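1. I would like the atomic coordinates for the input below:
(2 chains)
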Number of protein chains: 2
Amino acid sequence: MSPSVFQDIVPVGELSSFQAMKELASFPMVNPVFVCVISYTATCEIPQITFAGANPLLLRFTSPADAEFLYYGHCKCIDKVPVTPDGKPTPAIITRAALRLSGIPFFVVEAGSKIKPSIPHISFNLPPGNNIRSGIGLNIGDVKKAYEYGVILGSQLARTNSTVIIGESIPGGTTTALGILTALGIDAKNKTSSSMPQNPHDLKNQIVLEGMKNANISFGGLQGDPLKAVSILGDPMVPSVAGIVNGILRLTSSNAHVILAGGTQMASVLAVLKSMDCPLERICIGTTAYVAEDRSSNLAKLVKTISADIRIYKSDPHLAYSSYPGLQAFARGYVKEGVGAGGASIAAMLKSGGQINGDILLREVEQEYYALSSK
Amino acid sequence: MSPSVFQDIVPVGELSSFQAMKELASFPMVNPVFVCVISYTATCEIPQITFAGANPLLLRFTSPADAEFLYYGHCKCIDKVPVTPDGKPTPAIITRAALRLSGIPFFVVEAGSKIKPSIPHISFNLPPGNNIRSGIGLNIGDVKKAYEYGVILGSQLARTNSTVIIGESIPGGTTTALGILTALGIDAKNKTSSSMPQNPHDLKNQIVLEGMKNANISFGGLQGDPLKAVSILGDPMVPSVAGIVNGILRLTSSNAHVILAGGTQMASVLAVLKSMDCPLERICIGTTAYVAEDRSSNLAKLVKTISADIRIYKSDPHLAYSSYPGLQAFARGYVKEGVGAGGASIAAMLKSGGQINGDILLREVEQEYYALSSK
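-> As a prediction, this is how the structure comes out:
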């Protein structure tokens, strides 16, 4: 298939975008599956750190509600879908539209969510993460368990599925991403993304510094021990996803590919994998144009620092052209990404051979949004 | 492929076994997946009702330990693998051998197990079932939830997998099967199987009669209301599996086939599906020769009463020829089936195009058994 049919997928920061698109077009889409890992870190309770919930008390419902929305088109654990304090909807609305249009099946992995979603879900039986200010994000035993369970799941998925698209939902996750990257010696200061248009970099840096001080570690001090880095400054999502990826890529009998569906949080997963010497082939990052083009963060530079070989692709679901202000807001720096929205959009476009594009996606997203607001 | 290559698979009670084998050989095995539903009913606590545990206190560990064994080759929630009181091993040993030989991936569904397995598992978030003597096997709300979650899972699995093999592990499950069948008007008296060589038919009949009396229902009284029949005399496994099957067979965009991997418990699932007008095409029962040839039960007659169109296939993993008495016991009426052993064996033989047969399976089972006993 000519890569040119994918008009709304663009490689980020590549000299040869034709070569990059050719590589993406070779991802085997005969049997893809989408996996969404939902999780929690008490780091999100720090005031002004996230927009991923209408108010602080609702933050614990954001991830399970996202997962429920993917299945039902509405939520069960809360009345409405997760929204920002001023009413902008969850990116799960894009993910659901992309999965429905393309018929891609999906599984939800519950890895330390505070509330269990009211849907069948794969349980990793993990506790929620702590506030990383303390210097203990997650017990090292639980980090190892998350990773091991991930490996088991990944090796099962890779036997049947040609490409596994992995998204996440964890409020506060860009701050723990900053923590992990810093402990692994990657300069991520002012480069991680945010659900808010005013990226609270100073606050994030300060939280990570405090955590490092409390754990008595320095920049890059845990370069050779990625699971410990996650334990001190991370969250339960990162080792779970790292395990799934490792389980997929290491299964020699499989040619399964991986799309890490997310922004700078997935960069921290990559950093963990790199530090573990995981073979980083057959893997790329797929995200929304809203994160990739965000001026308050720098996904491309972050990923380049981790590995020069990892490509990033951005998809544009044309929300800027929506007639709904709540959806337009994505293009104005709110929400931006999450629940694997960008990667799921890319996978839908690839699987359909370009039949699904930004316009078609926008129409479906608007229908979902309309159905919600008329409920 | 010529059906004759499958030397250790035999259709049960068919006039034209060539036609039956031709049908089985047409099951699409390009992308199969095995699903094991683990569950609990307090009915198993009635003395003399089951052998599925070394002693009554260990019964709650049987299903999760089976699930752990499938992944690890040893158990985590108990020291040893589940055994009968006199030390005969769980049929999971056959299932694991078949899955490993064939590379078929698998998922464990935890549907009302009393203990959660220490593996990644799909949670249906259900309570364990009650002793059906009381006349309330499981709250009707939970029966409906089990069924609905099953439909969701089935419709996801059917998108990617060509054939779904569904097994179960629930001690006491043949008694609840008898209960459901009786409430649905199918004469199952003295026809359900047992993990014991002396099938306790009188006790089972008495338990079901007591339950019916307490719920004030009569034979066939719930013919038109299968979920209520499950609620009164059933367990959480049956509606979960019925939901998964319905989710698979009703997905019009899929051609996925189903192998119900089990004995008379799967007959109760079929009865529920039949009563729901589920289209019973692309489905068969796959079991062990040990259940199919059991003289103390009658799977073939049971299934014929439910539907004349459902075929049963039995596989022979040649345990009679084992040098280990614990494995030989399967051929002498102990354990017989469970954890989808028979159906998983059939799937492994089909997927390998006959390369895997009873001899090869026996060798792998013996290796698993040896590894266990030398631990």
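
2. with adjacent residues omitted, what lies nearest to A:Ile170?
-> Counting by Cβ to Cβ, 6 or more residues apart in numbering or on different chains, A:Ser39 is the residue found nearest to A:Ile170 once chain neighbours are left out, at 4.2 Å. For glycine as for every other residue, the C-beta is placed from the backbone atoms N, C-alpha and C.

3. A:Gly263 and A:Glu337 touch, don't they?
-> Yes: using Cβ atoms under 8 Å, A:Gly263 and A:Glu337 qualify as a contacting pair, with a distance of 4.7 Å.

4. overlap of the contact sets of the two?
-> Taking Cβ atoms under 8 Å, 6 or more residues apart in numbering or on different chains as the contact rule, A:Gly263 and A:Glu337 both touch A:Ser193, A:Thr287, A:Thr288, A:Val291.

5. filter the residues you listed to the buried ones?
-> Those of those that meet the buried threshold are A:Ser193, A:Thr287, A:Thr288, A:Val291, by 16 or more other Cβ atoms under 10 Å in any protein chain shown.

6. pretty sure the last one sits in a strand.
-> Spelled out, that is A:Val291. No: the assignment for A:Val291 by DSSP: H, G, I helix; E, B strand; the rest coil gives helix, which leaves it out of any strand.

7. okay, it: pLDDT?
-> pLDDT, A:Val291: 89.

8. nearest residue to it other than its sequence neighbours?
-> Computed as Cβ to Cβ, 6+ apart, the closest residue to A:Val291 that is not its neighbour in sequence is A:Gly263, at 3.8 Å.

9. count the residues that sit near that neighbour.
-> The burial count assigned to A:Gly263 is 31, neighbours taken as other Cβ atoms under 10 Å in any protein chain shown.

10. swap in A:Ala188?
-> Applying the criterion other Cβ under 10 Å, we find 27 residues in the vicinity of A:Ala188.

11. thought it was touching A:Thr175?
-> No: with contact defined as Cβ under 8 Å, A:Ala188 and A:Thr175 do not form a contacting pair (10.6 Å).

12. now name the helix or strand holding A:Glu168.
-> Here A:Glu168 is covered by strand A:163-169, with elements defined by DSSP states H and E.

13. that strand and chain B, are they touching?
-> No: between strand A:163-169 and chain B, judged by Cβ under 8 Å from any Cβ of the partner chain, nothing touches; the nearest distance is 10.7 Å.

14. near chain B, which residues of the stretch 1-150 of chain A?
-> Proximity of the stretch 1-150 of chain A to chain B is confined to A:31, A:33, A:71, A:103-107, A:109-110, A:116, A:118-125, A:149-150 under the rule Cβ under 8 Å from any Cβ.

15. what about the strands in the stretch 1-150 of chain A?
-> Listed in chain order, the strands found in the stretch 1-150 of chain A under DSSP state E, counting those that start in this stretch are A:9-11, A:33-38, A:106-110, A:121-123.

16. and these as TSV, adding mean neighbour count?
-> Formatted as TSV, the entries for these read as follows, by neighbours: other Cβ atoms under 10 Å in any protein chain shown:
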stretch	mean neighbour count
strand A:9-11	21
strand A:33-38	28
strand A:106-110	25
strand A:121-123	23
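
17. now distance to B:Ala54 too, for those, in TSV please.
-> Formatted as TSV, those follow (distance: least, Cβ to Cβ, whole Å):
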stretch	distance to B:Ala54
strand A:9-11	57
strand A:33-38	37
strand A:106-110	32
strand A:121-123	27
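
18. wait, which of these is closest to A:Gly135?
-> Among those, the nearest to A:Gly135 by Cβ to Cβ is strand A:33-38 (23.9 Å).

19. now do the helices in chain A.
-> For chain A, the helices identified by DSSP state H occupy A:17-25, A:59-72, A:92-102, A:140-160, A:173-183, A:201-215, A:226-233, A:237-249, A:264-275, A:289-292, A:299-306, A:325-328, A:341-351, A:358-373, in order along the chain.

20. shaky segments in chain A?
-> Low-confidence regions of chain A, defined by pLDDT under 70, span residues A:1, A:375.

21. show me the contacts for the spatially most central residue of it.
-> With the centre of chain A defined as its mean C-alpha position, the nearest residue by Cα atoms, centre = their mean is A:Gly262, 3.3 Å away. With contacts taken as Cβ under 8 Å, 6+ apart, A:Gly262 has the following neighbours: A:Gly167, A:Glu168, A:Ile285, A:Thr287, A:Glu337, A:Gly338, A:Gly340, A:Gly342, A:Gly343.

22. what is the nearest of those residues to B:Leu57?
-> B:Leu57 has its nearest neighbour among the contacts of A:Gly262 in A:Glu168, at 40.7 Å by Cβ to Cβ.

23. count of neighbours near the closest one?
-> Other residues near A:Glu168 come to 30 when the count uses other Cβ under 10 Å.

24. ok, it to A:Thr287 distance?
-> Computed as Cβ to Cβ, to the nearest Å, the A:Glu168 to A:Thr287 distance reads 12 Å.

25. mutual contacts of the two, please.
-> Taking Cβ under 8 Å, 6+ apart as the criterion, A:Glu168 and A:Thr287 both touch A:Ala261, A:Gly262, A:Met266.

26. for the nearest residue to A:Glu110 once chain neighbours are set aside, give the beta-bridge partners.
-> Of all residues beyond its chain neighbours, the one nearest A:Glu110 is A:His121 (4.7 Å), with distances taken as Cβ to Cβ, 6+ apart. Beta bridges link A:His121 to B:Ser123 when assigned by DSSP bridges.

27. show the contacting residues for A:His121.
-> When contacts are counted by Cβ under 8 Å, 6+ apart, A:His121 touches A:Ile38, A:Ala67, A:Phe107, A:Val108, A:Val109, A:Glu110, B:Ile122, B:Ser123.

28. beta partners for the third one?
-> Partner residues in beta bridges with A:Phe107, using DSSP bridges, are A:Val35.

29. that one reaches A:Phe124, doesn't it?
-> No: the pair A:Phe107 / A:Phe124 is not scored as a contact, 12.0 Å apart, by Cβ under 8 Å.

30. start to end distance for stretch A:301-318?
-> Terminal residues of stretch A:301-318 are spaced 25 Å apart (Cα to Cα, to the nearest Å).

31. list the buried ones in it?
-> Burial within stretch A:301-318, assessed by neighbour count using 16+ other Cβ under 10 Å, is assigned to A:302-303, A:305-306, A:310-318.

32. no more questions from me, cheers.
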